[in-house]
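In: predicted model and sequence follow; I will ask about them next.
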Amino acid sequence: MLKVKEFKYPQHNLETEKFLSAEKLYLPLSQHTGKPSKACVQKDQIVQKNQIIAENDGFISASLHAPVKAKVSEIKKHFHPKFGKIKTIVLSALGKTKDEPLNQSTGPNQSRKDKLLAAIAKAGIVGMGGAGFPTQVKLKPPKGINTLIINGCECEPYLASDCRLMLENLEEIVKGVEIISKIVEPKEIIFAVEENKKEVIKKINLFINTKKNSSQKIKLKVLKSRYPQGGEKQLIYSVTKRKVSGQMLPFDLGCMVNNVATCFAIYEAVYFNQPLTRRIVTFAGDALIEPKNLWVNIGTTLAELIEKKVIELKKDPKKIIFGGPMMGDTITNLKTPILKTTSGVLFLEKLSEKKEESACIRCGRCINSCPMNLMPLEYVKMVKKKKYQGLKDYYIKDCIECGCCSYVCPAQIPILDYIKLGKEQIK
């Protein structure tokens, strides 16, 4: 893993604000790993706040809800940060949107596991750290779980949404953790946080050393600030020294990892019957007048945020990235909407000077930096020679596309670009 330059301040210290009044919301049917959800509304239909507008369409799928009372103005192909243009439900908000307090339900105390899982599935919750795997599937592993790891690392430069959520809603996150614990029954729960979040560490320590930590299962693990520390396999190794190798999955080692934002969403779903319709997003970068951490509805576009001066540009950005600079997706249209998995959006005016690719000097830095212990340069050689089938012999599917290899390459070889091309060719 690498020590990369951080740009997390002042975002870490900025309290979250709210913008939940977008007039138009664009909700792509694919906001998760697996099969896209299936639209269950029609054009011109009026939908109520929190109503399901697209149902999960298979085992690995997740439902989609209306963040506000609205009219279905269109169902069409629209911009997606990762997939170009895909089928999207467009909602036009009706009336002024209010941030109303949630109505508490009975909570999880008397609920059976199946009812808790049903509430999570109904809420359309997916992994909110970036992968977007449907949570109701993840919480039904085929093997027992010994160690539940709560991921509060947030290792990408610039991003602070998870940090602010932990500072402002720690008790709610822990209640979500307790719900997960009731479902998977782990022997231990470890809250993993990087050392650069000093205020979060203080708050968690204070919490677990009081009577509020009723289960006495939760322990804090402070990790070095390294990239990609928040990656599932890397985090499991850092916390437990168990290595998730090859085609293994975390449950093969008795481990499960859940992001803090996912835990918060689970809390809201079970305690308030609240589906996943909003999230905290960090807006940062040198092209903005000031960075912000904002609660926004899923489906809100960058164009509307800029038009209403919720975020303000001081210069035209040369690059806009959904996510962090290491693994994020570059977008070219401001009408791209916030998704369930969007933890940050970067507006960059100054870009590092792109040097011309030169010959490999066989220094081995790409191998030494690879968190998956792969041989990245072999992928480059094979893609250049169009020997795509040979990529499988070097376990290209194990690559998590973290970008460490490209970051350290002194020859400026865009290794990750070649890897992505190779993966596309062997699909």
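Out: The structure has been received and is ready for your questions. Numbering: from 1, shown residues only.
In: in terms of helices and strands, where is residue 293?
Out: Using DSSP states H and E, residue 293 maps to strand 292-297.
In: any idea how many residues pack against residue 366?
Out: 25 (other CB atoms under 10 Å). Quick note: C-beta positions are derived from backbone N, CA and C, even for glycine.
In: hey, which helix is longest across this structure?
Out: helix 170-184 (DSSP state H).
In: can you name the next helix or strand after it?
Out: Helix 170-184 is succeeded, C-terminally, by strand 188-194 (DSSP H and E).
In: between that following strand and helix 170-184, how many degrees?
Out: If you take axes from the mean of the first three to the mean of the last three CA atoms, to 10 degrees, strand 188-194 sits at 140 degrees to helix 170-184.
In: list the buried ones in the longest helix of the chain?
Out: Buried residues in helix 170-184, counting neighbours by 16 or more other CB atoms under 10 Å, are found at 170, 172-184.
In: identify the residues contacting it?
Out: 108, 113, 116-117, 139, 141, 145, 148, 150, 165-166, 189, 191, 203-204, 207, 212-213, 215, 217-218, 256, 258, 260, 262-268, 270-271 (CB atoms under 8 Å, 6 or more residues apart in numbering).
In: can you say which of those residues are buried?
Out: Among the contacts of helix 170-184, those classed as buried by 16+ other CB under 10 Å are 108, 116-117, 139, 141, 145, 148, 150, 165-166, 189, 191, 203-204, 207, 213, 217-218, 256, 258, 260, 262-268, 270-271.
In: show me where the stretch 201-350 of the chain has its strands.
Out: Taking DSSP state E, counting those that start in this stretch as the test, the strands found in the stretch 201-350 of the chain are 218-223, 255-259, 278-284, 292-297, 319-322, 329-331, 344-348.
In: okay if I get these as CSV plus distance to residue 308 and mean pLDDT?
Out: Shown next, in CSV, are these (distance: least, CB to CB, whole Å; pLDDT from 0 to 100):
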stretch, distance to residue 308, mean pLDDT
strand 218-223, 39, 95
strand 255-259, 29, 97
strand 278-284, 13, 98
strand 292-297, 12, 98
strand 319-322, 18, 96
strand 329-331, 19, 93
strand 344-348, 15, 97
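In: show me the shaky parts of the stretch 1-150 of the chain.
Out: Scanning the stretch 1-150 of the chain for pLDDT under 70 picks out 97-101, 105-110.
In: show me the strands in it, by range?
Out: 17-19, 24-28, 38-39, 46-47, 52-55, 64-65, 70-80, 84-93, 147-151.
In: which stretch among those strands comes nearest residue 386?
Out: strand 84-93 (24.1 Å; CB to CB).
In: strand 292-297 and the closest one, what's the angle between them?
Out: 80 degrees.
In: list the strands paired with strand 84-93, with their directions.
Out: Paired strands of strand 84-93, with direction, are strand 24-28 (antiparallel), strand 70-80 (antiparallel) (DSSP bridges).
In: which other residues reach the first one?
Out: For strand 24-28, the external contacting residues (CB under 8 Å, 6+ apart) are 36, 53-54, 64, 66-68, 70, 73, 78-80, 83, 86-93, 297-301, 304, 335, 337, 339.
In: mind redoing it with 6 Å?
Out: 64, 78, 80, 86, 88, 89, 90, 91, 92, 299, 337 (CB atoms under 6 Å, 6 or more residues apart in numbering).
In: show me the domain layout of the chain.
Out: 1-17+101-352, 365-426 (automatic domain parsing).
In: can you put those in CSV and add distance to residue 49?
Out: Output for the domains of the chain, formatted as CSV (distance: least, CB to CB, whole Å):
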stretch, distance to residue 49
domain 1-17+101-352, 8
domain 365-426, 36
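In: comparing those, which comes out most buried?
Out: domain 1-17+101-352 (a mean of 19; mean count of other CB atoms under 10 Å).
In: just to revisit the earlier point, helices or strands up against the strand holding residue 293?
Out: Applying 3 or more CB pairs under 6 Å, 6 or more residues apart in numbering; DSSP states H and E, we find strand 292-297 packed against strand 17-19, strand 278-284.
In: touching, residue 66 and residue 53? I think so.
Out: Yes. Residue 66 lies in contact with residue 53 (CB atoms under 6 Å); the separation is 5.2 Å.
In: what sits in contact with each of the two?
Out: In contact with both residue 66 and residue 53: residue 47, using CB under 6 Å, 6+ apart.
In: which one of these two is surrounded by more residues?
Out: Neighbours were counted for residue 66 and for residue 53 using other CB under 10 Å; residue 66 has more, 27 against 22.
In: and the closest residue to the more buried one other than its chain neighbours, how far is that from residue 119?
Out: Of all residues not flanking residue 66 in the chain, residue 47 sits nearest, at 4.4 Å (CB to CB, 6 or more residues apart in numbering). Distance of residue 47 to residue 119, computed by CB to CB, to the nearest Å: 21 Å.
In: kindly report the same for residue 285.
Out: For residue 285 relative to residue 119 (CB to CB), the value is 37 Å.
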